[in-house]
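1. with the sequence up front, the predicted model follows.
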Amino acid sequence: YKEGGTVYTVISPHIGGLPDAVNSLYAIKKLVFDDKLVTFQRLMEILKANWEDEEELRKQALRNYIYFGNDNDEVDEIAAKVLNNFSDSCKEYDEKTPIRFVSGVSTFGRQVDWAPMRLATPFGRRKGEVLSGNMSPTPGTDHNGATAVIKSYCKADLRKQYTGAALDIGFIPSNMDCENAIAAFCGLIKSFVMLGGSFMQMDTINADTLIEAQKNPENFQNLSVRVSGWNARFVTMNKQWQDMIIDRTK
């Protein structure tokens, strides 16, 4: 692009899987250091074995801690620190050559491609699972609603993410039918901006509709979903991508 007559070449590293990494660090903190349920060395052995014969501990990690996306300062501060360190690392190389080197957050749907390479996580997920997309909470870990997700997301200094930090938010369609739905929706967007947010992708769909579309695609030719920075007709995606959208919606 041109700025004041100068031409820049831009390379923008985008971090992916940030919520998963943050949840892993937080789970290690809780399991090993705070609650002292397992030693670090033993936890690493358990993860290598994909949680085999450790279902009770896995459920403790999966269900008993409040992860990123629930407005929990303890874990959100880890997310902010990791993201800031990533940005600062990119900044060290920016403008030292004719190439601009600026950071951002997104996965562009690659969480599907990464799944076969993923190992078990300290927060209770087994190897091979599709985990977080963009800077959105790991599927199944956000329990306190859209406002809590936004507040967790906005605790980082998002001004450092020059090429954006995408957040996906899903709403159940029935929630949009009430009398004050539009006003509440507008209020949520205004709050997002006031807290420092800059890149939110919203969708209204329920998992049952998606499952039905997967079974009977001929009846849902016009069903469009937000994927990761773009929209796509649901029935045109392969099953792996469809399953990712369904799991994320659930």
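-> All right, it came through fine.
2. ok but Met202 is inside a strand, no?
-> Yes. Assessed by DSSP: H, G, I helix; E, B strand; the rest coil, Met202 belongs to a strand.
3. so what's the residue count around it?
-> 15 (other Cβ atoms under 10 Å). (Each C-beta comes from the backbone N, C-alpha and C, glycine too.)
4. ok, it - contacts?
-> Contact analysis of Met202 by Cβ atoms under 8 Å, 6 or more residues apart in numbering lists 169-171, 226.
5. rerun that using 7 Å as the cut-off
-> Applying Cβ atoms under 7 Å, 6 or more residues apart in numbering to Met202 gives the contacts 169, 171.
6. which SSE is Thr209 in?
-> Element membership for Thr209 (DSSP states H and E) is helix 207-215.
7. residues touching the nearest residue to Lys30 once chain neighbours are set aside, list them.
-> Computed as Cβ to Cβ, 6 or more residues apart in numbering, the closest residue to Lys30 that is not its neighbour in sequence is Tyr65, at 5.3 Å. Applying Cβ under 7 Å, 6+ apart to Tyr65 gives the contacts 26-27, 30.
8. with only the CA atoms kept, save the longest helix anywhere in the chain in PDB.
-> Using DSSP state H, we find that the single longest helix of the chain is helix 73-91. The C-alpha trace of helix 73-91 is given here as PDB (Å, rounded to 0.1, in the frame of the first residue of the first chain):
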ATOM      1  CA  ASP A  73      -9.600 -12.100  35.200                       C
ATOM      2  CA  GLU A  74      -7.200 -14.900  36.300                       C
ATOM      3  CA  VAL A  75      -7.200 -16.600  32.900                       C
ATOM      4  CA  ASP A  76      -7.900 -13.500  30.800                       C
ATOM      5  CA  GLU A  77      -4.700 -11.800  32.200                       C
ATOM      6  CA  ILE A  78      -2.800 -14.800  30.800                       C
ATOM      7  CA  ALA A  79      -4.400 -14.300  27.400                       C
ATOM      8  CA  ALA A  80      -3.500 -10.600  27.400                       C
ATOM      9  CA  LYS A  81       0.100 -11.300  28.400                       C
ATOM     10  CA  VAL A  82       0.600 -14.000  25.700                       C
ATOM     11  CA  LEU A  83      -1.000 -11.800  23.000                       C
ATOM     12  CA  ASN A  84       1.100  -8.800  24.000                       C
ATOM     13  CA  ASN A  85       4.300 -10.800  24.000                       C
ATOM     14  CA  PHE A  86       3.400 -12.100  20.500                       C
ATOM     15  CA  SER A  87       2.800  -8.600  19.300                       C
ATOM     16  CA  ASP A  88       6.000  -7.200  20.900                       C
ATOM     17  CA  SER A  89       8.000 -10.100  19.300                       C
ATOM     18  CA  CYS A  90       6.600  -9.100  15.800                       C
ATOM     19  CA  LYS A  91       7.400  -5.400  16.500                       C
END
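9. now whichever helix or strand comes after it: buried residues?
-> Where DSSP H and E defines the elements, the next helix or strand beyond helix 73-91 is strand 99-101. Using 16 or more other Cβ atoms under 10 Å as the test for burial, strand 99-101 gives 100-101.
10. about what we covered before: quick one: distance of the helix or strand following the helix holding Thr209 to the chain centre.
-> Counting by DSSP H and E, the next helix or strand C-terminal to helix 207-215 is strand 224-226. Taking Cα atoms, centre = their mean, to the nearest Å, one finds strand 224-226 lying 17 Å from the centre of the chain it belongs to.
11. packing partners of strand 224-226?
-> strand 200-204, strand 231-233 (3 or more Cβ pairs under 7 Å, 6 or more residues apart in numbering; DSSP states H and E).
12. what strands line up against the shortest one, and which way round?
-> The one in question is strand 231-233. Using DSSP bridges, the strands paired with strand 231-233 are strand 224-226 (antiparallel).
13. so which bits of the strand it pairs with are buried?
-> Quick answer for strand 224-226 (16+ other Cβ under 10 Å): 225-226.
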